[in-house]
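> Turn this into a structure:
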Amino acid sequence: MADDLSSVARFLYEAGTLKHTKRTGWWMGGVKDPESVAEHSWRVAIIASIIAKLEGADPAQAAFLAVWHDTGETRTGDVNHLGKKYTGGAEADPRDIAADQSTGFPTELADTVRNLIGEYEGKETPEAVCARDADKLECMIQGIEYREQGYTNMQRWIDNSRGRITTKSAAELADAVLETGSLDWFRAALGETS
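Predicted coordinates for the structure are as follows:
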């Protein structure tokens, strides 16, 4: 093999830590064992592909951005909005983290990773906008699921997430989600009516 892939191998282990990194904002709402960053990112990718298709953007690129959007949290952890207040609102720049994470990667791969994070953070391409809306919609859906599991303090997360969605398709999808129960899919699959 022409390229040394040891830095990529190390990153794969690093990326795996996101399976154990909890989304800390949910603790403020009383959730004892919140979802991991990896669980969140997986559904964000699904949602991003859907929103992008509805918006006429590239669903594969939107999903690609969404899969990678929180990889920097391997280095910073998931800092919730309250925590950011005490760091002066300054966060580590995800582009700087991606540059560090991809050091030693084959050039084309390093460029791809850095460009992905740059595109997501730039918020300018239709795919980045769709991926960012997917991030908000996923948070809203998770809040609804936690509320239906008995965590009563979730309305703030649901409302804030819904209010931050920008595309027409994501807004319409969010409204449909708000009108749908989290187990309606199961009832429909069983052929149950109402």
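> Could you identify the helix or strand that succeeds the biggest helix by length in the chain?
In the chain, taking DSSP state H as the definition, the longest helix is helix 126-148. Going down the chain from helix 126-148, the next helix or strand is helix 155-163, by DSSP states H and E.
> what's the helix or strand following that following helix packed up against?
For helix 155-163, the succeeding helix or strand toward the C-terminus, using DSSP H and E, is helix 168-178. Judged by 3 or more Cβ pairs under 8 Å, 6 or more residues apart in numbering; DSSP states H and E, the packing partners of helix 168-178 are helix 37-55, helix 126-148, helix 155-163. C-beta here means a position set from N, CA and C on the backbone, and glycine is covered the same way.
> Just put these in JSON lines and tack on distance to residue 83, mean neighbour count and mean pLDDT.
Shown next, in JSON lines, are the helices and strands packed on helix 168-178 (distance: least, Cβ to Cβ, whole Å; neighbours: other Cβ atoms under 10 Å; pLDDT from 0 to 100):
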{"stretch": "helix 37-55", "distance to residue 83": "15", "mean neighbour count": "22", "mean pLDDT": "98"}
{"stretch": "helix 126-148", "distance to residue 83": "16", "mean neighbour count": "23", "mean pLDDT": "98"}
{"stretch": "helix 155-163", "distance to residue 83": "15", "mean neighbour count": "16", "mean pLDDT": "96"}
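> out of these, nearest to residue 100?
Closest to residue 100 of those, according to Cβ to Cβ: helix 37-55, at 17.8 Å.
> Grab the nearest non-local neighbour of residue 54.
Leaving aside its chain neighbours, residue 54 sits nearest to residue 169 (3.6 Å; criterion: Cβ to Cβ, 6 or more residues apart in numbering).
> how close does that neighbour get to residue 36?
27 Å (Cβ to Cβ, to the nearest Å).
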